[in-house]
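Novice: Generate coordinates for the sequence data below:
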Amino acid sequence: MEPMIKLIPTHGYRILTVLLLLTASIHLEGRPPNVVLIVSDDQGYRDLGCFGSREVLTPHLDRLAKGGVKLNSFYVSWPACTPSRGSILTGRYPQRNGIYDMIRNEAPDYGYKYKPGEYEATFERIGGMDVREILLPQVLGKAGYMSGIFGKWDLGVHKRFLPLARGFHDFYGFVNTGIDYYTHERYGVPSMYRNNAPTLEDRGTYCTDLFDREAMRFLTQNHRKPFFLYLPFTAAHWPLHAPGDEIEQYKGRFSAGWDELRSRRLKRMKKLGVIGPEVELSPRHPNVPAWKDEGNKAWQERRMEVYAAQVTIMDRVIGRVLDHLRKSGQLDDTLTFFT
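Specialist: Coordinates of the predicted model:
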């Protein structure tokens, strides 16, 4: 059997409400259910096989969707990473929890390079979620849950903002909005942490593989207690990085051109009933270059290959998590959410 509930994709505060209500009610009858919450950052809504994609390979998420529930009229609370994460973990709109914009710096996007030490004084290094906010693992902890997060945190760098100060028991991941997948750096500054301390122990290893390793460790160590496993992946976050052999499987899949791919996907999504028949393609933004230029086409094709490889690597990790739960006999006692 598959896990009890799967939601794809869904709204942050609704996830929290459902989790708390289910946890409270089931806890009265015995051990509460385990919870696995997976967040894919910057991934396209239709870049899953279960939502009509034939180009991006996601067999494990497709299996999850087939055996569960797909919610296709729900939305995140903000169209990018930081405020969405704040809403998922607090159950409150960004305007209420105080994280109503990204904890990141815009200047480098416009060609600015930080002077030595300057980055440390920017909002990306001093901002964070208000310590008065109550986060999901703090509530679950009162019900006896062990909580672990492996991936992107993005709600503050200082110790009072880090996961262990917000109810999590175990953390391995990066604290900033985006890092190099191999050096684990942000603007040349190491960003990977284990619990409350920065670490360089795994520098050079693809970060999604590291989150896979840490999730397996957490599940093995905490199988006797109810657990909350939070996997905030950066499956498609800039910069785009993937191992060469993973990219190779996508050679030629995106050679048709972006406009043709969009049209094909739209037709498939209508056929699947994911979207209504009245939905039409939005016009191309005037600042988005066309595919007519061959050099630009090759560049776009390469980017799509890397992006797709990133999503497939994430999907493989999700499959390993599901397989671990099945082999350990915990699958039927676990609520699994993907958004």
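
Novice: Each with direction, which strands does the strand or helix carrying residue 337 pair with?
Specialist: Using DSSP states H and E, residue 337 sits in strand 334-338. Applying DSSP bridges, strand 334-338 is found paired with strand 34-40 (parallel).

Novice: what comes into contact with the partner strand?
Specialist: With contact meaning C-beta atoms under 8 Å, 6 or more residues apart in numbering, strand 34-40 is reached by 3, 15, 19, 23, 84-85, 88, 140, 145, 151, 226-233, 235-236, 311, 314, 318, 321, 325, 330, 333-339. All C-beta atoms are positioned from the backbone trio N, CA, C, and that covers glycine.

Novice: repeat that with 7 Å
Specialist: Strand 34-40 has contacts (C-beta atoms under 7 Å, 6 or more residues apart in numbering) with 15, 19, 88, 226-233, 235, 314, 318, 321, 330, 333-339.

Novice: go on, stretch 313-327?
Specialist: By C-beta under 7 Å, 6+ apart, the list of residues contacting stretch 313-327 reads 36, 38, 40, 58-61, 208, 211-212, 215-216, 219, 233, 235, 242, 246, 331, 334.

Novice: mind saving the C-alpha coords of that stretch as CSV?
Specialist: Written as CSV, here are the backbone C-alpha positions of stretch 313-327 (Å, rounded to 0.1, in the frame of the first residue of the first chain):
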residue,chain,number,x,y,z
ILE,A,313,17.6,13.2,-9.0
MET,A,314,15.2,14.6,-6.5
ASP,A,315,12.5,12.1,-7.6
ARG,A,316,15.0,9.2,-7.0
VAL,A,317,15.6,10.4,-3.4
ILE,A,318,11.9,10.5,-2.8
GLY,A,319,11.7,6.9,-4.1
ARG,A,320,14.4,5.8,-1.7
VAL,A,321,12.5,7.4,1.2
LEU,A,322,9.3,5.6,0.2
ASP,A,323,11.1,2.3,-0.2
HIS,A,324,12.7,2.7,3.2
LEU,A,325,9.3,3.3,4.8
ARG,A,326,7.9,0.2,3.0
LYS,A,327,10.7,-2.1,4.0
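
Novice: quick one: it to chain centroid distance?
Specialist: Its chain's average C-alpha position is 15 Å from that of stretch 313-327, according to C-alpha atoms, centre = their mean, to the nearest Å.

Novice: could you give the mean pLDDT of that stretch?
Specialist: For stretch 313-327, the mean pLDDT works out to 96.

Novice: Quickly note the distance from the residue positioned nearest the centre of the chain to residue 310.
Specialist: Centroid check for the chain by C-alpha atoms, centre = their mean gives residue 40 as the closest residue, at 2.5 Å. Between residue 40 and residue 310 the distance is 10 Å, computed by C-beta to C-beta, to the nearest Å.

Novice: repeat for residue 318
Specialist: Distance of residue 318 to residue 310, given as C-beta to C-beta: 13 Å.

Novice: Show me which of these two is the more surrounded one.
Specialist: Neighbour tally, residue 318 and residue 310, criterion other C-beta atoms under 10 Å: the higher count belongs to residue 310, 28 against 25.

Novice: in the strand or helix carrying the more buried one, what counts as buried?
Specialist: Using DSSP H and E, residue 310 falls within helix 294-327. Neighbour counts using 16 or more other C-beta atoms under 10 Å place 297, 300-301, 304-319, 321-322, 324-325 of helix 294-327 among the buried residues.

Novice: for stretch 131-144, same thing?
Specialist: Those would be 133, 135-141, for stretch 131-144 by 16+ other C-beta under 10 Å.

Novice: what's the answer for stretch 168-185, then?
Specialist: Within stretch 168-185, the residues scored as buried using 16+ other C-beta under 10 Å are 168-181, 183-185.

Novice: What's the end-to-end length of that stretch?
Specialist: The first and last residues of stretch 168-185 sit 23 Å apart, counting by C-alpha to C-alpha, to the nearest Å.

Novice: Pull the distance from it to the chain's centre.
Specialist: Relative to the centre of its chain, stretch 168-185 is centred 12 Å away, using C-alpha atoms, centre = their mean.
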